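# Provided below for reference: sequence and predicted model.
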Amino acid sequence: MAESSPAPVVEGRPARRTPRARRSAAAASEGKTAALGRRAVALSRFYSGKIETVPKVPVRSLRDFALWYTPGVAEVSRAIQSDPERSFDLTGRWNTIAIVTDGSRVLGLGDIGPRAALPVMEGKALLFKWLGGVDAVPLPIHAATPEAFVATVEAIAPAFGGINLEDIASPKCFGILEELQRRLPIPVWHDDQLGTAASTIAGVLNALELTHRSVREIRTVLLGAGAANLVTARLLLALGHDPHRLSVVDQRGVLDAERDDVDELMVRNPWKYRIALQTDGGGRTGDFAHAVAGADVLLAASTPDPTTIRPEHVRSMAPSPIVFALANPVPEIWPAVATAAGAAIVATGRSDFPNQVNNSLIFPSVFRGVLDARARSIPDEIVLAAARELALHAHDQGLSTTHLLPTMEEVAVFPHVAAAVGEAAVRLGIARRPLSREEYYARARQLMDRSGRLVRALARARLTPPMPSAKALPERNEG
Amino acid sequence: MNASNETAASGPADTPTVPIHLRPARPADVPALVPLLMRLKRLNEEFDPLLKVRDDAERQADEVLRAQLSDPKAVILAAEGVGADKDKVVGFVRALVRERPFYTPEWEGVIVDIYLLPLYRRRGVGEYLLRETSAALKAKGAGVVTAEFPAQNEIASRFYAKRGFRPIQLLHARSL
Ligand SMILES: CC(C)(COP(=O)(O)OP(=O)(O)OC[C@H]1O[C@@H](n2cnc3c(N)ncnc32)[C@H](O)[C@@H]1OP(=O)(O)O)[C@@H](O)C(=O)NCCC(=O)NCCS
């Protein structure tokens, strides 16, 4: 955070009730998280992992393997050898992605390494299947350098229709994503950059509509210059945001082109350097308080501390300010505090407040869309198409200050976003299999529904044991 | 590291299409030049711990610049901005003419510092600075122009390589 003056946590009038409410909210949420953690460990031990491979062909007897395996399969291999693109028709490649991480920045846990990252990647794979009908292989890898990481992913790419990079530290994640996107003929996505930025953009578009603003006129402050916000900044500029009204703020204050550390950034974080040059601080210099005064929109993806943004910051913004406090698990300002300070619209990363900005609204559908289009890449236009579709869907369901984005319950949105992504891929000429929007939609729905049916069928057949109750499953101490 | 261009300076400078006004630096520029020189040294520090900037570097910069401004063997050019940046020094070059007792050409013009504020980069200003500096060095008798920069500064390597420079001597170091 830029601010250093130790101002009171809450000043002036709205005090009294809020600090206590806030403390108890934080304490309650911590207690709940701890309980969920214990239960998750117990269940992980019980189920021993979250996903497995399941055959998708009939196997009547071992004799069928003459088709599924040798000798029959040799002809399938030859077909692919003579036309590599056929690997998308003749194998599961069309629907299979790898979730690759080096474990260098896992959730809020930091650099925990690839082995410890595996349960998270398994969870992500489950989400991919459940929400997107995508077969995702969790693949945490040891890679000493970004170059080794890139080389490894390039080496495994022939098996996959797409790559989802996950939980890689910033700034190396930028270089890794750029390099893999350049090298591979399949979509490469880094969810912490693109997924978060896309759902943020969707929320911003609707917040602007609700407050009758245009992206071309607003002043925006991005607090935090990590993976998500640097991409959000790039996407805002692509949408026509005036670079000289966009201030990116990090721990050292406003990122302008003459800041003391700008040459260091040129060497160590060229992506941040690029934004510094493009925006030149959005016409501001100094600390966060200087940047935020008069701003229409504040997008914070920074420190999980509810005093990062203070009520006086919100009060100093333009009328009807828009505040996104996206740090997890604790937002940069509690929504009630922001609203009391005059925020017209508040969004967070949490599901227990209205307006959750959630990358899970984006990544399953984006991958469904690019996989169905068999897209060769995933440019920013695709990311924006997904964001726009997500925004539109909330719009159609009745936009309000507490319904800015679809919730995770509004599953109907997923195939629509997938179809918009497929359509964008066709428009951009990167679809190996161009279909109509309706066809993409129908396909996405069918594959997404199938996952639900599959999970339920496995449960009915008792192939997935029912979830043991907390009592039946003692929580052992897990050291 | 040294890079050299044997053909030395090009002909008379064309009218710059670049957004700066280049002129010889004056003593009155020193307060504006010191921060730019410090930025360059701090950038160099990024590349190697043996280029760690001294605590008194700022005072040194002031003294060195003042001394060299009246040294006939030194070329110090100041780049002023235009438009809103008019009268603001946005970049500079410092170069020194040195004797080469054993080689020909016997006078070498060494570019020791070249720096532009970020918003002035990658628009051909550096190229123009290089051309003008080379001409000034040639006028002082240099038959070869060289440039010193940290071995790890790949941006500088690329910048000079594009302009026909190649490494001719290496400076290897280890601490004692
Ligand atoms: C070196 C410097 C004076 C060059 O000036 P410039 O006006 O940017 O140079 P030009 O526009 O004439 O040429 C730009 C070339 O320099 C290189 N370059 C400059 N900045 C670069 C960067 N951030 N990344 C990659 N290459 C860069 C490239 O080769 C570039 O060519 P391109 O734009 O066609 O890719 C300027 O970039 C600078 O001040 N850099 C920081 C200080 C420094 O490194 N000094 C040199 C070592 S002492």
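Here it is on my side, so go on. Not measured: the values here are computed from a predicted model.
# For the residue in chain B positioned nearest to the ligand, the count of nearby residues, please.
Proximity of chain B to the ligand (CB to the nearest ligand atom) peaks at residue B:126, 2.1 Å away. All C-beta spots, glycine's among them, are computed from the backbone N, C-alpha and C. Residues within reach of residue B:126, counting by other CB atoms under 10 Å in any protein chain shown, total 23.
# Quick check: buried residues in the one helix or strand it maps to?
Residue B:126 is part of helix B:125-139 when elements are defined by DSSP states H and E. Neighbour counts over helix B:125-139 (16 or more other CB atoms under 10 Å in any protein chain shown) mark B:125-126, B:128-138 as buried.
# Just put those residues in JSON lines and tack on pLDDT and distance to chain A.
Converted to JSON lines, the buried residues of helix B:125-139 look like this (pLDDT from 0 to 100; distance: CB to the nearest CB, whole Å):
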{"residue": "B:125", "pLDDT": "95", "distance to chain A": "14"}
{"residue": "B:126", "pLDDT": "95", "distance to chain A": "14"}
{"residue": "B:128", "pLDDT": "96", "distance to chain A": "20"}
{"residue": "B:129", "pLDDT": "97", "distance to chain A": "17"}
{"residue": "B:130", "pLDDT": "97", "distance to chain A": "19"}
{"residue": "B:131", "pLDDT": "96", "distance to chain A": "24"}
{"residue": "B:132", "pLDDT": "97", "distance to chain A": "23"}
{"residue": "B:133", "pLDDT": "98", "distance to chain A": "21"}
{"residue": "B:134", "pLDDT": "98", "distance to chain A": "24"}
{"residue": "B:135", "pLDDT": "98", "distance to chain A": "27"}
{"residue": "B:136", "pLDDT": "98", "distance to chain A": "25"}
{"residue": "B:137", "pLDDT": "98", "distance to chain A": "25"}
{"residue": "B:138", "pLDDT": "98", "distance to chain A": "30"}
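# Which one of those is nearest to residue A:78?
Each of these was scored against residue A:78 by CB to CB, and residue B:126 proved nearest at 55.5 Å.
# ok, the closest one - contacts?
Listed by CB atoms under 8 Å, 6 or more residues apart in numbering or on different chains, the contact partners of residue B:126 are B:114, B:116, B:159.
# which one is the second one nearest to, not counting chain neighbours?
Going back to what we said before, that points to residue B:116. Among residues not flanking residue B:116 along the chain, residue B:91 sits closest, at 3.7 Å (CB to CB, 6 or more residues apart in numbering or on different chains).
# Ok, the last one next?
Of all residues not flanking residue B:159 in the chain, residue B:126 sits nearest, at 6.1 Å (CB to CB, 6+ apart).
# cool, and the first one?
Take residue B:114 and drop its neighbours on the chain: the residue closest to it by CB to CB, 6+ apart is residue B:93, 4.9 Å away.
# now for the helix or strand hosting that neighbour, which elements pack on it?
Per DSSP H and E: residue B:93 is located in strand B:89-99. For strand B:89-99, the elements it packs on are helix B:30-47, helix B:57-69, strand B:74-81, strand B:107-116, helix B:125-139, judged by 3 or more CB pairs under 8 Å, 6 or more residues apart in numbering or on different chains; DSSP states H and E.
# Could you check it against the ligand for contacts?
No: shown here: strand B:89-99 not in contact with the ligand (CB under 6 Å from any ligand atom), separated by at least 6.5 Å.
# quick one: buried residues of that strand?
B:89, B:90, B:91, B:92, B:93, B:94, B:95, B:96, B:97.
# which two from the residues you listed end up farthest apart in space?
B:90 and B:97 (25.2 Å).
# hang on, the earlier thing: measure the residue nearest to residue B:116 to residue B:130 for me?
Noted for residue B:91: a distance of 12 Å to residue B:130, by CB to CB, to the nearest Å.
# Let's see if you can find the most crowded of the contacts of residue B:126.
Counting neighbours by other CB under 10 Å, the one among those with the most is residue B:114, which has 22 neighbours.
# How much space separates that residue from chain A?
13 Å (CB to the nearest CB, to the nearest Å).
# Now do the contacts for that residue.
B:40, B:91, B:92, B:93, B:94, B:126, B:129, B:130, B:133, B:147.
# repeat that for 10 Å
Taking CB atoms under 10 Å, 6 or more residues apart in numbering or on different chains, we find residue B:114 in contact with B:40, B:77, B:91-95, B:126, B:129-130, B:133, B:147-149, B:156, B:159-160.
# check contacts around residue A:95.
A:56, A:88, A:129, A:132-136, A:160-162, A:367-368, A:371-372, A:447.
# Most neighbours among those, which one is it?
residue A:371 leads those on contacts (other CB under 10 Å) with 31 neighbours.
# Give the helix, strand or coil label for that one.
When classified by DSSP: H, G, I helix; E, B strand; the rest coil, residue A:371 comes out as helix.
# Correct me if wrong: it contacts residue A:163.
No: Residue A:371 sits out of contact with residue A:163 when judged by CB atoms under 10 Å, with a separation of 11.7 Å.
# joint contacts of those two?
In contact with both residue A:371 and residue A:163: A:97, A:186, A:187, using CB under 10 Å, 6+ apart.
# which among these gets closest to residue A:353?
Closest to residue A:353, out of all of these and judged by CB to CB, is residue A:97, at 30.9 Å.
# OK, now which residue of chain A is nearest to the ligand?
Closest point on chain A to the ligand, by CB to the nearest ligand atom, is residue A:266, at 5.2 Å.
# What residues does that residue make contact with?
A:272, A:273, A:274, A:276, A:277, B:43, B:46, B:118, B:121, B:155.
# and after the helix or strand hosting it, which helix or strand comes next?
Assigned by DSSP H and E, residue A:266 falls within helix A:262-268. Next in sequence after helix A:262-268, counting helices and strands by DSSP H and E, comes helix A:270-279.
# which other helices and strands contact the helix or strand that that following helix is followed by?
Using DSSP H and E, the helix or strand that follows helix A:270-279 towards the C-terminus is helix A:288-292. Applying 3 or more CB pairs under 10 Å, 6 or more residues apart in numbering or on different chains; DSSP states H and E, one finds that helix A:288-292 contacts strand A:220-223, strand A:246-250, strand A:253-254, strand A:297-300, helix A:311-315.
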